[in-house]
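J.: here is a sequence with its predicted model. Questions after.
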Amino acid sequence: MASEINFLQFDPVYRQLQKLKVKVREENVSPEINAEIERIIDLIKIRSDYCDENAASPSKDLQLIMDATVRHPWQTAYDEGKLSFLPTPLMMIGNLEAQLLRSLTSMGNVKRVLELGLFTGCSALAMAESLPEDGKVISCEIDPYIANLARSLLDKTTCGNKVDIMRGSAKDSLKILAEKKMEFDLIFIDVDKSGYSLYYKMIFDLGLLAPGGTILVDNALFFGDPYTKEGFIGDGGEGVARFNDVVRQDESVHKILVPIRDGLMIVRRKEDVGKSN
Ligand SMILES: C[S@@+](CC[C@H](N)C(=O)[O-])C[C@H]1O[C@@H](n2cnc3c(N)ncnc32)[C@H](O)[C@@H]1O
């Protein structure tokens, strides 16, 4: 069921080709050109499916969370005033990225994970599944309805007990964690895009990233907006573009923007990735 989500919507090339397909039909362009456009769209889809097929399958628990997220009556809950905004299942990372998170979490003795942006628990559970028994994910969530839903879903899973939910804003949570002198080996940022630059600065200023730690940042390509400047969805693209600029100009870190799904930025302190000239 989770496979019903069309993650290709993140890609502006795919969206542009879909528009072109309609235009070509309307304007009676030659069947050959029509067929060529269909083939290009197919190839994008086939490549994406091929990546999905060659990734590890989700655990039963992860599948449970992804299916529950797709099935959840979000519109009804929103209409009843239970939610502060109308969520979409596209907000969860999905299996391909979840398996990448599992790989990255299982590398380099990661034990303490901080997540900004829990939603229904897909990414939190993926990381928890790759932690040792005494490992922990602390995940921040501002919306009480979503936090409750995530807790009830995580409680149905084997590794959900490794996920602690921190209710409230990411900004307040970062301050509280710093007051408690906590440090994290892995920090996954997947929260309000306007706050990305602030959270990045706070993480370093407040000493929340442990020595040798890694920061992962989702939606670094935000529907293509940081480079198309189209403003496809609200002002999230501006927040992400600002954040990407901050990271690009930060000489103290090693960074790589991986074009998986909606883009994943990986940031590590320069000294942790070895010397280069
Ligand atoms: C993109 S979703 C996270 C998806 C999740 N990582 C996953 O893969 O399933 C972002 C979540 O962050 C929450 N959120 C938004 N702004 C926040 C803030 N300032 N502080 C804490 N949580 C916030 C939203 O309610 C939403 O559930």
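T.: Structure's in. What do you need?
J.: how about the residues of this structure by the ligand?
T.: Contact residues, the chain versus the ligand (C-beta under 6 Å from any ligand atom): 91-93, 117-120, 122-123, 140-143, 146, 169-170, 190-192, 195. Every C-beta, even on glycine, is put in place using the N, C-alpha and C of the backbone.
J.: where are the low-confidence patches of this protein?
T.: Within the chain, the stretches with pLDDT under 70 are 1-3.
J.: how is it partitioned into domains?
T.: 2-53, 60-273 (automatic domain parsing).
J.: end to end, how far does the longest one reach?
T.: Using C-alpha to C-alpha, to the nearest Å, the end-to-end distance of domain 60-273 comes out at 35 Å.
J.: same question for stretch 75-86.
T.: Its first and final residues considered, stretch 75-86 spans 7 Å by C-alpha to C-alpha.
J.: tell me which residues in that stretch are buried?
T.: 77, 83 (16 or more other C-beta atoms under 10 Å).
J.: burial-wise, tell me which of the domains of the chain comes out on top.
T.: domain 60-273 (a mean of 19; mean count of other C-beta atoms under 10 Å).
J.: ranges for the strands of the chain?
T.: In the chain, the strands defined using DSSP state E lie at 112-116, 136-141, 163-167, 184-189, 209-218, 253-258, 264-269.
J.: partners of the fifth one, with directions?
T.: Spelled out, it's strand 209-218. strand 184-189 (parallel), strand 264-269 (antiparallel) (DSSP bridges).
J.: again with the third one
T.: Note on strand 163-167: by DSSP bridges, its sheet partners are strand 136-141 (parallel).
J.: how far does the partner strand sit from its chain's centre?
T.: Centroid separation for strand 136-141 versus its chain: 14 Å, with C-alpha atoms, centre = their mean, to the nearest Å.
J.: ok, and what's touching it?
T.: 111-119, 121, 124, 127-128, 131, 147, 150, 162-170, 173, 177, 182, 184, 191 (C-beta atoms under 8 Å, 6 or more residues apart in numbering).
J.: now the angle from that strand to strand 112-116?
T.: Put simply, strand 136-141 runs at 10 degrees to strand 112-116, going by axes from the mean of the first three to the mean of the last three C-alpha atoms, to 10 degrees.
J.: then strand 136-141 to PDB, C-alphas only?
T.: Output of strand 136-141 as PDB, limited to C-alpha atoms (Å, rounded to 0.1, in the frame of the first residue of the first chain):
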ATOM      1  CA  LYS A 136      18.000   5.300  21.600                       C
ATOM      2  CA  VAL A 137      16.300   7.600  19.100                       C
ATOM      3  CA  ILE A 138      14.900  10.800  20.600                       C
ATOM      4  CA  SER A 139      12.400  12.200  18.100                       C
ATOM      5  CA  CYS A 140      10.800  15.700  18.300                       C
ATOM      6  CA  GLU A 141       7.300  16.300  17.200                       C
END
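J.: what's near enough to touch S169?
T.: 140, 142.
J.: go again using 7 Å as the cut-off
T.: By C-beta atoms under 7 Å, 6 or more residues apart in numbering, S169 lies in contact with I142.
J.: do the same with the one 5 residues further on
T.: By C-beta under 7 Å, 6+ apart, the contact list for L174 reads 199, 202, 206, 208.
J.: among these, name the ones in helices.
T.: 199, 202 (DSSP state H).
J.: dump the strands paired with strand 209-218 to JSON lines, plus distance to G224.
T.: Below are the strands paired with strand 209-218 laid out as JSON lines (distance: least, C-beta to C-beta, whole Å):
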{"stretch": "strand 184-189", "distance to G224": "19"}
{"stretch": "strand 264-269", "distance to G224": "15"}
